[in-house]
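Trainee: Generate coordinates for the sequence data below:
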Amino acid sequence: MPRSSTQVKPARAVGSKSRHSGIPRGVSQQSDILGAVEKLTIAGLTDDIPIANAQKPRPAAPQPFRFLDLPYELRVEVYKYHFANTGHVLDLDPLNYKRVHQKLAILRTCRTFYREASHCFYSTHPVRLFPTHPGRFFKTKKPLLARLKPGQRQSLTALELRLGPGWSKPPRGWVVNPDLGLADCTDVRKITVFVECDPGTDTFSGFRQPNEFFEGFAQSLLENVLKDMPWVDRVEFDAWSSVKKSGTLVQRLIEVAKSHHLKVTWGPERGWTDADEPEPRRVLNMYAPLPIASTDGRRNVVTTA
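Mentor: Model (predicted):
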């Protein structure tokens, strides 16, 4: 019998092969799904959603900074920054424990630190020859310079001699002798002489010792210091605003420096220069009678009422 045109073709079995890939269709889809699942991560599935009890990544252990690998010039700059708030001049002071001693603890790190940081500290800080703090150190027989080690004194580049305290009766410890340690200060090139007060002015009249006692004492003190340190090349003079450059005390100190053929410089506090100090202006007394001008026919004569 002839085949009918409406005959339905038999359906393809489920397990039959694909026309193009030769792999069963169900197996191909299943493998694609498994491959996509394998590519997914927990972070991708939980984007912006915290996971309870999730293990946090461990932070990397901090590595120590190798400070000694820096060049010497950079290490010196670090030392200067470390000692920035220790004061300008070193002297015996009760506040040294908080201001200086804690900073000097860095010297206990190693020998390299001690050698470099110690030289940086003492070469950038002048040391006061005799203590001036009005306390238990003022009359000490052993100033700070005598308490330093010889190696520390060799690093010094400047000293300060402050005059004024004890003008009526200087302490017995203000003596230049070998125990002071000036022979070890071979790198010192500048000595600053700072005058706090001049007993030769009229303000101290009736209280000072006669015959210019303090002027002679200060002159002899500076003379002995310069005699033990012939390598010093300049002396810097400075003072408070009440001290005059033209006073007897300052002039005798300048003569000592010039007698040793040293260069004389001026500090920033007083603002002195090589020129003569100008005389202060006379202040007109507001209660004094005002001058009245009168003419006698030949010239103007000023009289007072």
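Trainee: now Thr203: how far from Gly216?
Mentor: Plainly put, Thr203 is 20 Å away from Gly216 if you go by Cβ to Cβ, to the nearest Å. Glycine gets a C-beta too; all of them are placed from N, C-alpha and C.
Trainee: what about Phe194, how many neighbours?
Mentor: By other Cβ atoms under 10 Å, the residues close to Phe194 number 21.
Trainee: What separation do you get for it and Ser155?
Mentor: Distance, Phe194 to Ser155, by Cβ to Cβ: 22 Å.
Trainee: Same question for Lys103.
Mentor: Taken as Cβ to Cβ, the span from Lys103 to Ser155 is 16 Å.
Trainee: And the two? Which one has more around it.
Mentor: Taking neighbours as other Cβ under 10 Å, Lys103 and Ser155 compare with Ser155 leading, 20 against 16.
Trainee: Could you double-check that that one sits in contact with Ser123?
Mentor: Yes - here Ser155 lies in contact with Ser123, judged by Cβ atoms under 8 Å, at a distance of 4.9 Å.
Trainee: list residues touching both of those two?
Mentor: Overlap of the contact sets of Ser155 and Ser123 (by Cβ atoms under 8 Å, 6 or more residues apart in numbering) consists of Asp187.
Trainee: Tell me who's in contact with the nearest residue to Glu196 once chain neighbours are set aside.
Mentor: Distance criterion Cβ to Cβ, 6 or more residues apart in numbering; nearest residue to Glu196, sequence neighbours excluded, is Gly164 at 2.9 Å. Residues in contact with Gly164, defined by Cβ under 8 Å, 6+ apart, are Thr132, Val195, Glu196, Cys197, Asp198.
Trainee: swap the cut-off to 6 Å and go again
Mentor: Contacts for Gly164 (Cβ atoms under 6 Å, 6 or more residues apart in numbering) come out as Val195, Glu196, Cys197.
Trainee: quick one: the helices in the stretch 101-250 of the chain?
Mentor: For the stretch 101-250 of the chain, the helices defined by DSSP state H, counting those that start in this stretch occupy 111-123, 144-147, 150-154, 213-228, 248-259.
Trainee: And the fourth one, what's buried?
Mentor: Spelled out, it's helix 213-228. Phe214, Glu215, Phe217, Ala218, Gln219, Leu221, Leu222, Glu223, Val225, Leu226 (16 or more other Cβ atoms under 10 Å).
Trainee: now, which of those residues sits nearest Val176?
Mentor: Proximity of those to Val176 was ranked by Cβ to Cβ; the top entry is Val225 with 5.7 Å.
Trainee: Check the gap between the closest residue to that closest one other than its chain neighbours and Lys263 for me.
Mentor: Distances taken as Cβ to Cβ, 6+ apart place Val176 nearest to Val225, at 5.7 Å, with adjacent residues excluded. For Val176, the distance to Lys263 (Cβ to Cβ) stands at 22 Å.
Trainee: So between those two, which is more surrounded?
Mentor: A count of neighbours by other Cβ under 10 Å puts Val176 above the other of Val176 and Lys263, at 19 against 12.
Trainee: Any figure for the gap between that one and Ala257?
Mentor: 16 Å.
Trainee: For the residue nearest to Leu144 when sequence neighbours are not counted, give me its contacts.
Mentor: With sequence-adjacent residues excluded and distances taken as Cβ to Cβ, 6+ apart, Leu144 is closest to Leu92, at 5.0 Å. The contact partners of Leu92, taken as Cβ under 6 Å, 6+ apart, are Pro131, Phe137, Leu144.
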